[in-house]
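Undergrad: please find the sequence and the predicted model below.
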Amino acid sequence: MLRLPTLEHYRLDSESTFSISRVAVDPESRLGSALMTLRRALFLALPLGLMFGCETSSDDLLKAADELVFRGEYKDASAKYEAVLVEVGDKDPEQAPVRIRALTALADLRHHYLSDRDGALRAYRAVADLSPGTDAAFDARLAAARLLRDGLADVDNAIAELAAVVDAFPSRPEIPALRIELASLAFRAGHYDDARLHAERAAGDAKVGVDAQVILASLHALGGRPDQALTIFRRLLAGPLEPATAARVRFEVGHLLETQGRFEEAIAAYEEAQGERMDPGVIEARVSRVKARLANAKVGARRAGTSIRP
């Protein structure tokens, strides 16, 4: 529940030596008039505080903001978190944890609920700058990288942000997987040297090594080195693979064999690729296409009096 002020919040201690309710003075005197005015002001403050939900500390503001988020009142919650930042300022290092908490919540609100991606990016970066080397900074920089990639479609800056995460936190257990993510992004952006660098650094990891090898093989294929690519793919197929990964690798093998004119081998590889996460329609279309190319090649070979590679 939202924390609202109570009567005790506005009342002086009844046992104190100066209790407004117990002061006996002439109401017509200057002191009496002043005290009566103060008394009225204090009791008027109670309903106003209840009406507007006044908070007296950053903790109260944070709790109120959290409650607004829970109720789905995201714009009001954002304003509360901003009020926390104003109250704590940026000078007192003891207030840094409060500032980080408010900034993180504000960034997530802007990103996921208010469609303020630029504002979210500023807040994430502020968290990272305020707490370098911490878990909060890691999470914020990673969120910023994915916001750049998915929300702002800014792949180059997403690569730069993700590379900064990897460089700043080299010993975290997430780094090999992040290198694969970085290699894939770089590959899509045409930064092939960077893609190769990050894939090679992740290739020895037990969890993501296969993904790294697939990227390296794809780079060989793209660079006009199909035999090196096939060597990597076949080495992978000789070991234990998840069914979905095996299907993907076999599909890539089929594509490479097709580009080399090795149509019968390509058909076999495509047909073996049917499995998890492989669209049967795509497989059938590839097989049909290669069979047509094989038939045309045989016709051409007969006319030329030559044979074709199986």
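TA: Structure's in. What do you need?

Undergrad: what about residue 85, neighbour count?
TA: 19 (other CB atoms under 10 Å). In short, each C-beta sits where N, CA and C put it, glycine included.

Undergrad: residue contacts, it?
TA: Each residue near residue 85 by CB atoms under 8 Å, 6 or more residues apart in numbering is listed here: 99, 102-103, 106.

Undergrad: which element, helix or strand, includes it?
TA: Assigned by DSSP states H and E, residue 85 belongs to helix 74-88.

Undergrad: cool, residue 229 as well?
TA: Using DSSP H and E, residue 229 sits within helix 226-237.

Undergrad: show me which residues of the helix or strand that that helix is followed by are buried.
TA: On the C-terminal side of helix 226-237, the closest following helix or strand by DSSP H and E is helix 243-259. Buried residues in helix 243-259, counting neighbours by 16 or more other CB atoms under 10 Å, are found at 245-258.

Undergrad: quick check: domain ranges of this structure?
TA: The record's domain parsing of the chain by automatic domain parsing lists 61-167, 173-224, 241-302.

Undergrad: redo the ones you listed as JSON lines? Include distance to residue 232 and mean pLDDT.
TA: JSON lines is the format used below for those (distance: least, CB to CB, whole Å; pLDDT from 0 to 100):
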{"stretch": "domain 61-167", "distance to residue 232": "23", "mean pLDDT": "95"}
{"stretch": "domain 173-224", "distance to residue 232": "4", "mean pLDDT": "96"}
{"stretch": "domain 241-302", "distance to residue 232": "9", "mean pLDDT": "91"}
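
Undergrad: mind listing the helices for the stretch 1-150 of the chain?
TA: 7-10, 30-52, 58-70, 74-88, 96-112, 117-130, 135-146 (DSSP state H, counting those that start in this stretch).

Undergrad: export these to CSV and tack on distance to residue 215?
TA: Shown next, in CSV, are the helices of the stretch 1-150 of the chain (distance: least, CB to CB, whole Å):
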stretch, distance to residue 215
helix 7-10, 61
helix 30-52, 57
helix 58-70, 39
helix 74-88, 39
helix 96-112, 29
helix 117-130, 27
helix 135-146, 18
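
Undergrad: out of those, which is closest to residue 171?
TA: helix 135-146 (11.3 Å; CB to CB).
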